[in-house]
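Participant: using only what follows, build the 3D model:
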Amino acid sequence: MDTTYYEHGTPAERWERAQMFFDARDYAAAARVLNGLVEEVPEQTGPRLLLARAYYHSAQLRRAETELRVIVERDPVEHYARLMLGRTLQRQGRHDEAETHLRVASALAGDFNGRSA
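Facilitator: Prediction:
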């Protein structure tokens, strides 16, 4: 497969292309673009979070989990990454592990009633 198209352009252009693929629900194509972008700028949360979302929506749950764990490790108060990690773990049937992340996500969102996000 020719990956030139997915790797072509500046990081900003590739970010835009990845978002267009994601918005069009072509999650596999978005992930192809984002893989290279995350490798190039691993410290940026935005591309990694969108990559995790693309993996999640394309049922590549282990890959989504890996990316989300990197984000949560770097930024433990990243609410959306916590929520996504909890949902990803739920989809894998790992409910007890998911509950911890969902509770933290709820607390970070200001929901102190003890309900999951």
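Participant: point out the other elements, helices or strands, that the helix or strand hosting residue 102 touches.
Facilitator: Using DSSP states H and E, residue 102 maps to helix 95-108. Contact analysis of helix 95-108 by 3 or more CB pairs under 8 Å, 6 or more residues apart in numbering; DSSP states H and E lists helix 79-91 as its packing neighbours. No exception for glycine: its C-beta is placed from N, CA and C like everyone else's.
Participant: got any ranges where the protein has weak pLDDT?
Facilitator: 1-4, 112-117 (pLDDT under 70).
Participant: and the residue nearest the centre of it?
Facilitator: Against the mean C-alpha coordinate of the chain, by CA atoms, centre = their mean, the closest residue is residue 52 at 2.3 Å.
Participant: sec struct for that one, please.
Facilitator: Following DSSP: H, G, I helix; E, B strand; the rest coil, the label given to residue 52 is helix.
Participant: the closest residue to it other than its chain neighbours: which element?
Facilitator: Leaving aside its sequence neighbours, residue 52 sits nearest to residue 67 (CB to CB, 6 or more residues apart in numbering; 3.9 Å). Residue 67 belongs to helix 61-74 when assigned by DSSP H and E.
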